[in-house]
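*Asks:* what's the 3D shape of this:
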Amino acid sequence: MTATDLMTRRYANLAGLLACVAMMGFALYSEYVLLLEPCPLCVFQRVATIGLGAVFLLAFLHNPAGWGARVYGVLIFAAAAAGAGIAGRHVRVQNLPADEVPACGAGLDYLMNTVPLTEVIREVLTGSGACAELKWSFLGLSMPAWVLICLTILGLFGVIANFRLPARRGAG
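*Replies:* Prediction:
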């Protein structure tokens with residue numbers, strides 16, 4: 001297998017899937033080894049990353065040509081944009097002045113057990129004091145900032161891969 005064999009839509013989708021797996025691996029490492037408890041916005045970012053990985057997996061397995069590949073490209077972009085939007089909201093909450101940080105609310109487990117799902121989503125996306133804490137950073141960027149960067153890149157990568165790369169070597 002040569003390098004040009006790997007420049008196909010199928011392998012690009014596999015690479016996107018593996019990137020999502022790596023992101024989730026680091027999230028779980030952060031939670032269980034570094035003991036960084038995820039806030040509700042972190043949990044939503046994880047759900048978006050898993051959703052994006054699922055679309056990359058389906059695109060890898062199905063490997064359609066023509067308009068089918070474009071559908072996967074759009075779905076990948078939508079999943080990545082949703083996750084990037086959540087991560088962007090999280091970055092904003094982390095960068096609010098101290099007097100504008102929302103009060104800590106009920107935990108996600110409590111909300112899921114007591115209020116309708118639409119209310120849970122609204123509450124989580126509003127953010128809370130727990131989401132404003134900066135628990136980890138690398139190169140001056142918080143974990144949600146890195147998630148925002150990664151999901152933006154993966155979304156663009158998925159669109160380019162599914163709109164531009166051939167389904168197989170030599171295919172159009």
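
*Asks:* check contacts around the residue positioned nearest the centre of the chain.
*Replies:* Nearest to the geometric centre of the chain sits residue 49, at 3.2 Å (CA atoms, centre = their mean). Taking CB atoms under 8 Å, 6 or more residues apart in numbering, we find residue 49 in contact with 20, 23-24, 27, 83, 147, 151. Just so you know, the C-beta spots here come from the backbone N, C-alpha and C atoms, and that holds for glycine as well.

*Asks:* mind running it again at 10 Å?
*Replies:* 19-24, 27, 79-80, 83, 86-87, 147, 150-151, 154 (CB atoms under 10 Å, 6 or more residues apart in numbering).

*Asks:* neighbours around residue 38, how many?
*Replies:* Taking other CB atoms under 10 Å as the neighbour definition, residue 38 ends up with a count of 19.

*Asks:* and the spatially closest residue to residue 17 that is not a sequence neighbour, how many residues sit next to it?
*Replies:* Excluding the flanking residues, the one nearest residue 17 by CB to CB, 6 or more residues apart in numbering is residue 56, at 4.0 Å. The local packing of residue 56 (other CB under 10 Å) involves 30 other residues.

*Asks:* residue contacts, residue 56?
*Replies:* Contact analysis of residue 56 by CB under 10 Å, 6+ apart lists 12-21, 72, 75-76, 79-80, 154, 157-158, 161-162.

*Asks:* picking that back up, tell me which residues in the helix or strand where the residue nearest to the centre of the chain lies are buried?
*Replies:* Element membership of residue 49 [criterion: DSSP states H and E] is helix 40-62. Within helix 40-62, the residues that qualify as buried are 40-42, 44-46, 48-53, 55-60, counting by 16 or more other CB atoms under 10 Å.

*Asks:* Residue 39 against residue 93, yeah?
*Replies:* Yes - judged on CB atoms under 10 Å, residue 39 makes contact with residue 93 at a distance of 9.2 Å.

*Asks:* Touching, residue 164 and residue 73? I think so.
*Replies:* Yes - using CB under 10 Å, residue 164 is in contact with residue 73, at 9.1 Å.
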